[in-house]
Structures are given as C-alpha cells and as structure tokens.
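**Student:** structural data only, the sequence is not supplied:
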Ligand code: DER
C-alpha cells in the first residue's frame with residue numbers, strides 16, 4: 001500500500017543517512033515502521049552487523065532484532081548508544097513528537113535519551129505543524145496502576161476532560177505495558193499542544209506518572225515518506 005511504501009522509504013533513507021559502519025551500538029524502536037529500519041540494516045550485510053549490538057525498546061522490538069539474526073544487547077550493558085531509530089505518532093515543526101501509540105514510550109524515551117543521535121521515521125500522516133492535528137487519541141501517559149484513578153482526575157483538571165484509561169482489545173481490562181503499568185490517553189486542545197514542553201513538564205509532575213509520550217527537543221531529524229515517493233526530512 002501507499003502508506004507501507006512511505007514507511008519503507010522513510011526507514012531506508014534514515015538508515016542510509018544515519019546508520020554508518022562505525023556505529024556499533026544501535027537502538028531499535030517500536031511500531032510498524034521500524035521493521036523496515038531493521039530490513040535496511042540487515043541489507044548492510046553480515047560483515048558490518050557482526051560487529052554491532054542492537055538494543056530493543058520492548059518485546060516487539062526484541063523480537064524484530066532476534067528474528068533478523070542481529071545481536072541483541074540491553075541498555076544495562078550498553079548505556080551509551082550511538083544511534084536510535086524509532087517511529088512516532090506525530091511530529092511538529094520543531095521535531096517535538098507524540099509517541100506511545102504502541103504503549104512502548106518509557107523504554108523508547110530511555111533509548112532516545114541514551115543515544116548520541118535519535119532519528120524518527122514515519123509516513124506522511126505523522127508530519128504536522130502542531131501536535132494534535134492528526135493524532136487525536138491524546139498524549140499517551142504510562143502510569144502506575146495504583147494511581148490511575150487519581151491521575152485521571154488530575155489530568156482532567158489539567159485540561160483533558162476526555163482523558164481515558166487505554167483498554168485492551170484482545171484482553172479484558174486495560175492495556176498493560178512491558179513494564180507492568182497502565183496507559184492513560186489524554187487529548188488536549190491546540191493551545192496546549194503549541195507548547196509541548198510545558199505540557200510535558202506539567203504532566204510529568206503528576207504523582208504516579210511513569211513517563212509521558214511527548215518527546216521534546218530530542219530528535220536530530222525526522223524522515224517522512226510521502227505518497228508521491230519523495231521523502232521529507234525535518235531537521
Ligand atoms: O508507540 C510508539 O511511539 C511507536 O513508535 C509508534 O507509535 C509508531 O507507530 P507506527 O510506526 O506504527 O506508525
């Protein structure tokens with residue numbers, strides 16, 4: 001499909017630009033775009049990849065690395081990462097991202113921060129001027145299960161009346177993250193999204209919040225595959 005082609009194009013271009021022979025420790029994100037990142041890295045050949053270690057951002061990411069026959073490492077052994085490549089749910093004109101559509105954003109943010117270079121890959125639907133333009137589900141917030149009800153009230157008070165606990169589709173009850181936590185999805189109006197760093201700070205301060213799916217001032221570049229086969233690069 002056009003969207004899958006756009007994801008592949010973004011992923012291939014980003015890998016070609018940012019995963020170079022001297023890069024040895026590589027973070028792999030989560031979602032449906034990063035499989036193309038792994039494909040392109042495998043295409044670089046066994047020789048260069050035999051000297052590398054790949055750090056996952058969750059269960060899906062770990063499976064990707066193992067199934068591709070790449071060497072798996074963890075962030076305890078490799079706390080300093082050369083490059084991490086990840087997807088996003090939306091990216092604004094200042095490279096701020098909403099992430100967490102896949103409920104993996106705690107480990108994703110750890111590996112984004114641990115990386116010398118953090119690069120985002122996405123299809124054209126994620127390329128916005130202001131956050132909240134296309135991704136309407138709200139800011140994903142990983143929360144301690146014990147605190148979720150109180151947090152829902154506090155997030156409502158912060159301006160997200162429609163905030164909800166993310167319920168699972170193939171399981172009765174809420175989504176449970178790789179870290180054993182719940183996720184609250186908190187939509188805000190445009191005025192809040194226009195200053196994502198303040199929104200991040202206010203949300204992060206709430207007791208019981210584990211991590212907020214706003215990645216501000218972290219991305220070095222974002223690659224978007226377009227419907228016409230071109231690539232848009234935001235830096
Ligand atoms: O959860 C995340 O932040 C993932 O990176 C994810 O939302 C990206 O989604 P996609 O690559 O499947 O569009």
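**Tutor:** Looks like it arrived, so ask away. Note that the structure is predicted; figures quoted are calculated from it, not measured.
**Student:** from here on, contacts and neighbour counts on C-alpha atoms
**Tutor:** Fine.
**Student:** any idea how far residue 75 is from residue 88?
**Tutor:** Distance of residue 75 to residue 88, given as C-alpha to C-alpha, to the nearest Å: 21 Å.
**Student:** which one's more surrounded, the two?
**Tutor:** Shown here are residue 75 and residue 88; by other C-alpha atoms under 10 Å, residue 88 has more neighbours (28 against 18).
**Student:** which pLDDT does the model give the nearest residue to residue 85 once chain neighbours are set aside?
**Tutor:** Distances taken as C-alpha to C-alpha, 6 or more residues apart in numbering put residue 119 closest to residue 85, at 4.9 Å, once the chain neighbours are dropped. On pLDDT, residue 119 comes in at 98.
**Student:** ends of stretch 213-228, what's the gap?
**Tutor:** Where stretch 213-228 begins and where it ends lie 30 Å apart, using C-alpha to C-alpha.
**Student:** can you pull out the strands in this structure?
**Tutor:** 25-28, 53-56, 81-86, 90-91, 97-98, 115-123, 139-143, 164-165, 182-186, 209-212, 214-215, 221-225, 231-234 (DSSP state E).
**Student:** most neighbours per residue, which of these?
**Tutor:** strand 90-91 (a mean of 30; mean count of other C-alpha atoms under 10 Å).
**Student:** ok so, going back, hang on, isn't the residue nearest to residue 85 packed against residue 82?
**Tutor:** No - proximity of residue 119 to residue 82 does not meet the contact threshold set by C-alpha atoms under 8 Å, at 11.1 Å.
**Student:** confidence score at the residue of the chain positioned farthest from its centre?
**Tutor:** Ranking residues of the chain by C-alpha distance from their mean position (C-alpha atoms, centre = their mean) puts residue 47 at the top, at 28.7 Å. pLDDT recorded at residue 47 is 98.
**Student:** residue 37 now?
**Tutor:** 98.
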